[in-house]
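Colleague: what follows is a protein structure lacking sequence information:
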């Protein structure tokens, strides 16, 4: 590991000690950082300002906050999340200049005061009226400040793919539709929206095709929760799900790339 890689690792990973956050949740967020960290860092490398204050909204366990601090080197970087256990975990071992506050990221004003950069990754699908929420975030920018949005636009299988990867994703889509849940792919909405009075600095679509072993981990962690859903238990009685889990593990062991591509929308907006 180079010195640069070691420095990134030291600031990108929260300590693994505080109680209150189940191991499965810690594993899910660590895996997310492994999958998407490089693409998010490349996006942050294009930010043209040197911020005094950078905010990471919906920071969860602090992986993205540390990444933001490492990438932008703001004087002060603050992660905000409404879950106290997440914030307790994130605070443990936080480097100098990095703070964490309990606050609902959809509510303004923020306890920090106005910021130079506001960043959010994979947050908007989980809030009501996401476009209005971004507008509220923009009201918390200093003049010349920027909002950075990092979201999924599409999860696409290879043509003709009928592997366990695709079947697992189809079950998740089916479950979301059954419960009327908001879909997680909001990138196209962000790209099409008129952000006036904000200025659109950039809107780029980037592709990610991770190794099969990396993709299997979040799918298995997700299965642990949704397989207990009454709808899933009625619709997919044993041995359907144990068989699916076994197939996923076999695909991970076989190596290679997953037959799935993530398309990520990265939007940079400025307040002039």
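Modeller: Okay, I see it. This is a predicted model, so every value here is computed, not measured.

Colleague: remind me, longest helix of this protein?
Modeller: Secondary structure of the chain per DSSP state H: the longest helix is helix 23-44.

Colleague: would you mark the buried spots in that helix?
Modeller: Under the neighbour-count criterion of 16 or more other CB atoms under 10 Å, helix 23-44 has 25, 28-33, 35-37, 39-40, 43-44 buried. (Glycine included, C-beta is placed from N, CA and C.)

Colleague: can you list contacts of it?
Modeller: With CB atoms under 8 Å, 6 or more residues apart in numbering as the test, helix 23-44 has contacts from 8, 12-13, 16, 60-61, 63-64, 67-68, 70-72, 89, 119, 121-122, 148, 150, 204, 206, 208, 210, 214-215, 217-218, 221-222, 224, 262, 264, 266.

Colleague: so the nearest residue to residue 185 once chain neighbours are set aside bridges to which residues?
Modeller: Excluding its sequence neighbours, the residue lying closest to residue 185 (CB to CB, 6 or more residues apart in numbering) is residue 152, at 5.1 Å. On the basis of DSSP bridges, residue 152 is bridged to residue 264.

Colleague: thought residue 190 was touching residue 152, still the case?
Modeller: No - contact criterion CB atoms under 8 Å: residue 152 and residue 190 do not qualify, at 10.4 Å.

Colleague: name the residues of whichever strand or helix holds residue 134 that are buried.
Modeller: Element membership for residue 134 (DSSP states H and E) is helix 130-138. The neighbour-count check on helix 130-138 (16+ other CB under 10 Å) flags 130, 133-134, 137-138 as buried.

Colleague: if you count contacts, what does it end up packed against?
Modeller: strand 115-121, strand 141-157 (3 or more CB pairs under 8 Å, 6 or more residues apart in numbering; DSSP states H and E).

Colleague: report the angle between the last one and helix 23-44.
Modeller: For strand 141-157 and helix 23-44, the angle between their directions (axes from the mean of the first three to the mean of the last three CA atoms, to 10 degrees) works out to 110 degrees.

Colleague: next one: residue 173, what pLDDT does it get?
Modeller: pLDDT recorded at residue 173 is 86.

Colleague: same question, residue 80
Modeller: The model reports residue 80 with a pLDDT of 98.

Colleague: show the subsequent helix or strand relative to the longest helix of the chain.
Modeller: strand 53-57.

Colleague: right, and the helix or strand after that next one?
Modeller: Strand 53-57 is succeeded, C-terminally, by helix 63-72 (DSSP H and E).

Colleague: show me what contacts the residue nearest to residue 185?
Modeller: For residue 152, the contacting residues are 122, 125, 184-187, 262-265, by CB under 8 Å, 6+ apart.
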